[in-house]
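Undergrad: Here is the input, now give the coordinates:
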Amino acid sequence: MERTIRRQRRFFLRHRGRRESSGKKRRLFSLEYKWSALSCTSLGALLASINGASLIVALPTLLRELHTGLFALVWVLLSYLLAQTILTIVAGRIADMVGRKKLYVGGFALFTVVSLLAGFATNAGELIAARTVMGAAGAFMMANSSVIVTDAFPRRQLGQALGINMMMAAAGSTLGVVVGGIMTSISWHWVFWFNVPLGVIGTIWAAVNLRELVTLEKGQRMDLPGNATFLIGILGLLIGLTQGGIKGWDSPEVVGGFIAAAIFLPAFLIVESRVKQPLLKLSLFRSRTFAFGNVSALLNSVARFAVMFMFVFYFIGVDGYDHLMAGILLIPLAGVMFLVAPISGWFADRAHARVVSTIGMVVTAAGLIGMGTLIGADTPYWGIAALMIVVGIGSGIFNSPNTRAIMNSVVPEQRGIASGTRTFLTNIGGMLSIALALSIITSALPRQQMFKIFSGTVGHGMSAAAAAPFISGFHEALLVGAVASLIGAVFSAFRGKNE
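TA: Numbers count the residues shown, from 1 in each chain. Alright, predicted model coming up:
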């Protein structure tokens with residue numbers, strides 16, 4: 001009997017040691033993996049933001065050298081956002097079906113290849129097609145970025161991790177405006193070719209380091225009716241807004257676009273409420289934290305997304321700066337987010353998201369109100385830079401805690417579609433921001449002056465009197481953004497006491 005007890009004791013101690021050793025290895029793996037996963041998503045955020053910011057700086061050159069119109073030029077931007085928006089939730093669902101890693105690595109690789117091809121475009125149509133495919137690749141990456149980070153990090157560190165991701169995106173935007181100026185001064189083709197080395201590195205790094213941590217769901221299907229109704233509806237809305245100021249609000253394509261939006265966007269919501277596996281899972285919005293957090297994200301995007309777009313044409317078209325100098329002058333807008341985002345993420349782990357995010361929205365609104373009332377053709381740069389810093393601080397404060405609250409409001413199995421929903425609504429806000437800004441500004445401008453400003457052919461700058469129509473529309477667009485930010489602050493403040 002005693003011999004049996006001794007054998008059982010030795011067996012217990014031996015296997016307890018193995019379990020403890022195994023536990024230590026798992027903890028070590030988790031500790032190592034979370035930072036390697038974050039490095040992968042940070043590289044993706046860096047690449048996407050560099051590409052977006054550098055392209056905005058290159059827009060006046062593209063208008064001239066591709067011999068295209070303003071409508072086609074804007075769709076070089078919007079085609080990427082539209083493709084990314086359409087596929088974001090689909091990508092999130094596919095990720096829940098086939099795995100985060102496969103889709104993220106595949107998106108990185110596709111983005112890299114198409115960036116190479118985009119540099120060889122000879123007209124606006126080819127460039128729009130390439131940007132559409134890049135948007136699809138971007139959806140595969142961005143829809144999974146927050147999910148990968150949320151899966152890898154414990155709840156208490158999630159805000160810090162998302163803050164680092166936001167910091168890398170801000171760093172990319174800061175670098176992108178300078179890179180865009182430098183590359184455009186060489187040739188606009190290099191705006192796209194610059195992405196290729198970074199894309200190759202990011203693809204290999206993600207393939208080597210990422211792991212699958214969550215059990216995948218089986219038997220899911222794509223929501224084709226939802227995709228079709230949303231695509232037709234949002235396409236009609238964007239065409240109506242972007243063409244209205246250029247061709248007139250009563251032109252057939254503008255009226256037709258708004259009619260399509262009025263029919264198909266409500267139809268999209270009806271479809272989503274009835275299909276078994278919807279594109280947009282409306283049941284998630286029963287959570288006030290999830291619903292109000294996403295509405296806040298959409299309105300924040302409406303408020304700030306077009307700011308850099310408008311300032312490019314202000315610096316190049318009104319003030320007469322070259323592309324490189326315009327890029328340098330834009331640094332405060334994105335650069336301050338690089339500093340604020342990780343601090344905001346740290347606070348997000350220690351304070352309620354509703355408090356930190358609401359402060360961010362209010363600060364953003366204050367900066368936009370200042371821009372919309374104080375900036376004129378002769379405003380000294382230090383005053384413009386100060387207001388850019390205010391808007392950058394507000395955006396930096398808002399994003400990390402808001403994203404953390406959204407991702408923590410759902411169970412792990414739904415993080416793919418939750419992340420996709422957040423990115424989906426943020427992209428809708430971005431598209432609406434650019435479309436609204438363009439429609440407001442172009443409505444105020446004579447056609448000849450419109451071409452000079454948007455193509456950057458005004459020479460050494462415009463007089464205050466000549467620039468007055470542009471400045472008027474510029475102010476109006478910024479104040480519309482400020483109103484969106486204040487409404488977003490209200491939603492953020494009422495998301496719930498515990499978030």
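
Undergrad: Can you pull out the low-pLDDT segments for the stretch 301-450 of the chain?
TA: 341, 345, 347-351, 413, 416, 447 (pLDDT under 70).

Undergrad: what about Val356, helix or strand, and which?
TA: Using DSSP states H and E, Val356 sits in helix 353-374.

Undergrad: could you say what helices and strands the next helix or strand after that helix packs with?
TA: Downstream of helix 353-374, the first helix or strand assigned by DSSP H and E is helix 381-408. Where contact means 3 or more C-beta pairs under 8 Å, 6 or more residues apart in numbering; DSSP states H and E, helix 381-408 is packed against helix 124-152, helix 158-186, helix 288-313, helix 323-329, helix 331-348, helix 353-374, helix 415-443, helix 464-493. No exception for glycine: its C-beta is placed from N, CA and C like everyone else's.

Undergrad: then the shortest one to CSV, C-alphas only?
TA: Read it as helix 323-329. Only the C-alpha atoms of helix 323-329 are listed here, as CSV (Å, rounded to 0.1, in the frame of the first residue of the first chain):
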residue,chain,number,x,y,z
HIS,A,323,4.5,69.2,-53.7
LEU,A,324,7.4,68.7,-51.3
MET,A,325,6.8,71.9,-49.4
ALA,A,326,3.1,71.1,-49.2
GLY,A,327,3.9,67.7,-47.7
ILE,A,328,6.2,69.2,-45.1
LEU,A,329,3.6,71.8,-44.2
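
Undergrad: quick check, distance from that helix to the centre of its chain.
TA: Chain-centre distance of helix 323-329: 22 Å, with C-alpha atoms, centre = their mean, to the nearest Å.

Undergrad: helix/strand/coil for the residue nearest to Gly99 when sequence neighbours are not counted?
TA: Distances taken as C-beta to C-beta, 6 or more residues apart in numbering put Glu212 closest to Gly99, at 5.0 Å, once the chain neighbours are dropped. Reducing the assignment at Glu212 to three states with DSSP: H, G, I helix; E, B strand; the rest coil gives coil.

Undergrad: so what's Glu212 up against?
TA: Counting by C-beta atoms under 8 Å, 6 or more residues apart in numbering, Glu212 touches Gly99, Arg100, Lys101.

Undergrad: Would you quantify the distance from it to Phe285?
TA: 28 Å (C-beta to C-beta, to the nearest Å).

Undergrad: Same check on Ile331?
TA: 38 Å.

Undergrad: So between those two, which is more surrounded?
TA: Taking neighbours as other C-beta atoms under 10 Å, Ile331 and Phe285 compare with Ile331 leading, 18 against 14.

Undergrad: Hmm, the more buried one is touching Leu175, no?
TA: No. Using C-beta atoms under 8 Å, Ile331 is not in contact with Leu175; the gap is 9.4 Å.

Undergrad: Could you list the low-pLDDT ranges of the stretch 151-300 of the chain?
TA: 213-223, 245-246, 279.

Undergrad: now do 80
TA: Low-confidence segments of the stretch 151-300 of the chain (pLDDT under 80): 151, 154-174, 212-224, 226-227, 242-249, 275-281.

Undergrad: hmm, back to that, export the helices and strands packed on helix 381-408 to JSON lines and append columns for distance to Asn51.
TA: Shown next, in JSON lines, are the helices and strands packed on helix 381-408 (distance: least, C-beta to C-beta, whole Å):
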{"stretch": "helix 124-152", "distance to Asn51": "8"}
{"stretch": "helix 158-186", "distance to Asn51": "7"}
{"stretch": "helix 288-313", "distance to Asn51": "13"}
{"stretch": "helix 323-329", "distance to Asn51": "14"}
{"stretch": "helix 331-348", "distance to Asn51": "13"}
{"stretch": "helix 353-374", "distance to Asn51": "24"}
{"stretch": "helix 415-443", "distance to Asn51": "14"}
{"stretch": "helix 464-493", "distance to Asn51": "23"}
